[in-house]
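S.K.: Here's a sequence, model it:
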Amino acid sequence: MERALYGPRGFFVREEPGAHFRTSVHASQLFAQAVARLAARVDAALGRPAELALLDVGAGRGELHTGVLDAVDEPLARRLRPYAVERAPRPPALDARVEWRDALPAAGSVTGLVFANEWLDNVPLDVAEVDDAGVPRYVLVDPAGRERLGPPVDGADAEWLERWWPLDPEPGLRAEIGRPRDAAWAAAAGTLARGLAVAVDYAHTRDARPSFGTLTGYLDGREVRAVPDGTRDLTAHVALDACAAAGAHAGRGGTPHTQRAALHALGVHGGRPPLSWASTDAAAYVRALRTAGEAAELTDPAGLGAFTWLVCPVGMGDPFA
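M.R.: Sure, this is the predicted structure:
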């Protein structure tokens, strides 16, 4: 999975991710505008520091920064320092103000907003499957997608399964061992000195884990087999409660909120405009109708609105509390 996503010919290095799947950032500019409002709230909560960082972890092609820089007001724009963390090369047309880097900044070096939208689901992990004897074993896979069971899960991985995703001894049950994601989130949130860290992803909790896991692929906008050949996205939903515990252990505790609730709090609503506008200002009505449709998609509880926002304040309150 690591090689297929991030190796020299990995998916995120050589492909345009937006051609294969849509995130909230791709769905509507309303999402970036909401993040811009969140950055302004963080700025105010921190007393408007001389410089406010916006660190986008798993930045894709910089679409979020492009939208935020278009949306923030001029006083904040002058103090905003945008960072993008991504292993792919810097897009040539990206705003020169965005600092592009392939690794997180140093621990405790960021004052501002750390935002990770659909990043953790692409942090590589191992898969476990219960064999005929009821023993969880690592699933081994070759670049063509052929699978076989390997050795029993042991050590820290076995401890993680026991705590976060215990498997009944029923052959074929699967779990995705989220320990690398816990470490990745603790490191990302740990870059904060003061501010807010937010992870946004499809998530599940210990009391409702999927029996056969969620690992899948995306290619040309369609869900496909998770073949680790570098041609497609490989993704699995996130045990975000485990990530939250890892962050709390590192002093970066957080609270989950649905995307629907978070975006509502940031002013994104899907209500239709008054029908009377259609006769008094048809162009404004059409624009408002389009905006309402985009907002409805972002907050749909059966779709993007079901994402979980893990919100971790450091030296400030939870802006959604």
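
S.K.: and Arg137, which of the three is it?
M.R.: Three-state assignment for Arg137 (DSSP: H, G, I helix; E, B strand; the rest coil): strand.

S.K.: what's the closest non-adjacent residue to it?
M.R.: Sequence neighbours aside, Leu149 is the residue nearest to Arg137 in space, at 4.4 Å (criterion: CB to CB, 6 or more residues apart in numbering). All C-beta spots, glycine's among them, are computed from the backbone N, C-alpha and C.

S.K.: So what touches the helix or strand containing Ala53?
M.R.: Per DSSP states H and E: Ala53 is located in strand 52-57. With contact meaning CB atoms under 8 Å, 6 or more residues apart in numbering, strand 52-57 is reached by 39, 42-43, 46, 62, 64-65, 68, 76, 79-85, 104-105, 110-117, 119, 188, 191, 195.

S.K.: Swap in 7 Å and give it another go.
M.R.: 39, 43, 64-65, 68, 76, 79-85, 110-116, 119, 188, 191 (CB atoms under 7 Å, 6 or more residues apart in numbering).

S.K.: again, but for stretch 210-225
M.R.: By CB under 7 Å, 6+ apart, stretch 210-225 touches 20-21, 127, 145, 173-176, 204, 226-227, 231-237.

S.K.: In that stretch, which residues are buried?
M.R.: 213-215, 217-219 (16 or more other CB atoms under 10 Å).

S.K.: Among these, which lie within strands?
M.R.: 217-219 (DSSP state E).

S.K.: Which helix or strand contains the residue nearest to Arg137?
M.R.: Using DSSP H and E, Leu149 falls in strand 147-152.

S.K.: Which SSE is immediately downstream of that strand?
M.R.: helix 155-164.

S.K.: Could you check the angle that following helix makes with strand 147-152?
M.R.: Counting by axes from the mean of the first three to the mean of the last three CA atoms, to 10 degrees, helix 155-164 points 100 degrees away from the direction of strand 147-152.

S.K.: about what we covered before: which of the buried residues of stretch 210-225 sit farthest apart?
M.R.: Gly213 and Leu219 (19.0 Å; CB to CB).

S.K.: now, among the ones in strands among the buried residues of stretch 210-225, which is nearest to Phe320?
M.R.: Of those, the one sitting nearest to Phe320 (CB to CB) turns out to be Tyr218, at 29.4 Å.

S.K.: What number of residues are in the vicinity of Ala236?
M.R.: Using other CB atoms under 10 Å, Ala236 is surrounded by 24 other residues.

S.K.: hang on, isn't it packed against Val123?
M.R.: No - using CB atoms under 7 Å, Ala236 is not in contact with Val123, being 9.2 Å away.

S.K.: on that earlier part again, can you tell me which of the contacts of strand 52-57 are in strands?
M.R.: Mapping the contacts of strand 52-57 onto strands (DSSP E) picks out 80-85, 110-116.

S.K.: got the residue ranges for the helices in this structure?
M.R.: Using DSSP state H, the helices of the chain run over residues 2-6, 11-14, 24-27, 29-45, 63-71, 74-79, 155-164, 179-189, 240-249, 259-265, 277-280, 282-299.
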